[in-house]
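Enquirer: what's the 3D shape of this:
(one chain, ligands or ions: 1)
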Amino acid sequence: MTTPRISFEFFPPQSLDASFKLWETVRVLAPLKPEFVSVTYGAGGTTRDLTHDAVTTIHNNYGVNVAAHLTCVNSTRTEVLEITDGYAKAGVTDIVALRGDAPKGQDQFTTTDGGFANSIELVETLAETGKFNIRVGAYPEPHPDSPDTAADVDWLKRKIDAGASSAITQFFFEADTFFRFRDACQKAGIDAPIIPGIMPITSWAGIKRFAAGCGASIPAWLNDAYEKAERDDRIELLSTAVCTELCSDLIDGGVEDLHFYTLNRPALSRDICHALGVAPSASLENVA
Ligand code: FAD
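Expert: Purely as a prediction, here's the structure:
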């Protein structure tokens with residue numbers, strides 16, 4: 001099996017305790033030499049400064065390429081460009097450009113006065129600056145705002161045509177879900193890399209909630225397996241096995257890059273990477 005290139009997603013800490021968890025996560029995973037790591041932008045734009053601080057601290061101290069997530073929610077175009085100017089000045093050149101979800105208490109995304117109406121407008125504007133490598137989200141199963149996968153593929157093509165260089169997918173549980181989407185994208189003429197987003201499962205109840213919110217379907221066999229594992233207190237073991245198998249099926253099908261949603265819990269992502277043959281290549285003490 002070919003050893004994959006890997007990347008990791010973190011979220012910005014909102015408390016002292018969460019800060020320790022993030023830095024411990026970076027300490028454990030940076031030695032695996034990811035292609036890049038990314039830092040999320042809180043729903044509704046709630047972590048603007050925290051995301052910026054986490055991104056620039058990783059960029060300045062860990063020798064890892066960092067992508068800053070950015071959404072259109074609750075911000076004018078001017079405010080978004082102020083954020084990206086700050087990144088450019090700090091030497092951060094990768095952005096994950098997203099429309100974002102509706103803020104808490106609202107059902108639907110609405111455009112802020114003077115803001116970007118959708119992700120395509122955001123990508124176009126960032127691309128015009130010529131300063132960024134722009135990644136976007138992609139949806140192997142229909143996004144809740146989408147009628148079907150064809151609409152998601154069409155929208156993704158428009159984001160790539162607007163200037164994005166690659167896409168990272170929402171998480172999914174079966175390799176065929178990804179392959180069907182990848183085939184549809186190829187047919188539509190999308191030749192930019194589409195990187196599967198992998199969710200190592202630390203809490204089955206939590207993942208079921210996430211999945212319901214983002215439209216990821218849960219196969220019955222997986223639900224059965226987790227119900228039994230919960231009963232026997234073997235969640236971690238099952239998650240390592242299930243996730244490693246998903247990754248190796250993807251690699252067997254030609255996937256070269258994997259993006260792990262770490263949720264700032266490094267152990268499972270690290271163990272899965274080790275099982276896939278990704279080994280630490282430097283001690284972090286040498287770079288931190
Ligand atoms: P888009 O690709 O713009 O839209 C999703 C789908 O909705 C499209 O494929 C299309 O079918 C349909 N659609 C949307 N707008 C239109 C339109 N105007 N006309 C027709 N169809 C339309 N959220 C955060 O708040 N912070 C984050 O840091 C964050 N990181 C993420 C990282 C990844 C890799 C992914 C996959 C998602 C992330 N999200 C994040 C969640 C994301 O914000 C939500 O899924 C949001 O609802 C869609 O954002 P998007 O840019 O991917 O959407």
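Enquirer: rest of the way, CA atoms for contacts and neighbours
Expert: OK.
Enquirer: what does this protein put close to the ligand?
Expert: 40-43, 69, 98-101, 118-119, 137-138, 143, 145-146, 151-152, 155, 168-170 (CA under 6 Å from any ligand atom).
Enquirer: so how do I select the buried members of those residues in ChimeraX?
Expert: To isolate the buried members of the residues of the chain next to the ligand in ChimeraX, using 16 or more other CA atoms under 10 Å:
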select :40,41,42,43,69,98,99,100,101,118,119,137,138,143,152,155,168,169,170
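Enquirer: among the residues of the chain next to the ligand, which ones are in helices?
Expert: Of the residues of the chain next to the ligand, the ones assigned to helices by DSSP state H are S119, A151, D152, W155.
Enquirer: in the chain, which spans are strands?
Expert: For the chain, the strands defined by DSSP state E cover 5-10, 36-39, 66-71, 94-98, 133-138, 166-171, 194-198, 257-261.
Enquirer: want to throw those strands into CSV with distance to I207?
Expert: Below are the strands of the chain laid out as CSV (distance: least, CA to CA, whole Å):
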stretch, distance to I207
strand 5-10, 16
strand 36-39, 19
strand 66-71, 21
strand 94-98, 21
strand 133-138, 19
strand 166-171, 10
strand 194-198, 12
strand 257-261, 12
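Enquirer: a markdown table please, covering those and showing distance to I83 and mean pLDDT.
Expert: What follows is these, written out as a markdown table (distance: least, CA to CA, whole Å; pLDDT from 0 to 100):
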| stretch | distance to I83 | mean pLDDT |
| --- | --- | --- |
| strand 5-10 | 19 | 98 |
| strand 36-39 | 14 | 98 |
| strand 66-71 | 9 | 98 |
| strand 94-98 | 11 | 98 |
| strand 133-138 | 15 | 98 |
| strand 166-171 | 21 | 98 |
| strand 194-198 | 25 | 98 |
| strand 257-261 | 24 | 98 |
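Enquirer: where do the helices sit along this protein?
Expert: Here the chain has its helices, by DSSP H, at 16-29, 48-61, 77-90, 119-129, 149-161, 175-187, 204-214, 220-231, 235-252, 266-275.
Enquirer: picking up where we left off before, pick out the most distant pair among the ones in helices among the residues of the chain next to the ligand.
Expert: With CA to CA as the measure, no two of these lie farther apart than S119 and A151, at 14.4 Å.
Enquirer: list the buried residues for stretch 165-180?
Expert: Neighbour count says stretch 165-180 has 165-175, 178-179 buried, by 16+ other CA under 10 Å.
Enquirer: one step back: looking at the strands of the chain, which is nearest to A54?
Expert: Between A54 and the strands of the chain, the shortest gap by CA to CA is with strand 36-39, which sits at 7.3 Å.
Enquirer: what is the closest one packed up against?
Expert: Contacts defined by 3 or more CA pairs under 8 Å, 6 or more residues apart in numbering; DSSP states H and E place strand 36-39 against strand 5-10, helix 48-61, strand 66-71.
Enquirer: deepest-packed of the ones you listed, please.
Expert: Among these, ranked by average contacts under mean count of other CA atoms under 10 Å, first place goes to strand 66-71 (a mean of 26).
Enquirer: who touches that strand?
Expert: 36-41, 45, 51-52, 55, 58-59, 92-100, 119 (CA atoms under 8 Å, 6 or more residues apart in numbering).
Enquirer: which intervals of the stretch 151-288 of the chain have sub-threshold pLDDT?
Expert: Scanning the stretch 151-288 of the chain with the threshold set as pLDDT under 70 gives 282-288.
Enquirer: now, which of the ones in helices among the residues of the chain next to the ligand sits nearest I235?
Expert: So of those, ranked by how close each gets to I235 (CA to CA), first place is D152, at 32.8 Å.
Enquirer: what's near enough to touch the closest one?
Expert: For D152, the contact set (CA under 8 Å, 6+ apart) comprises A138, Y139, P142, H143, S146.
Enquirer: before I go, just wanted to say thanks for your time.
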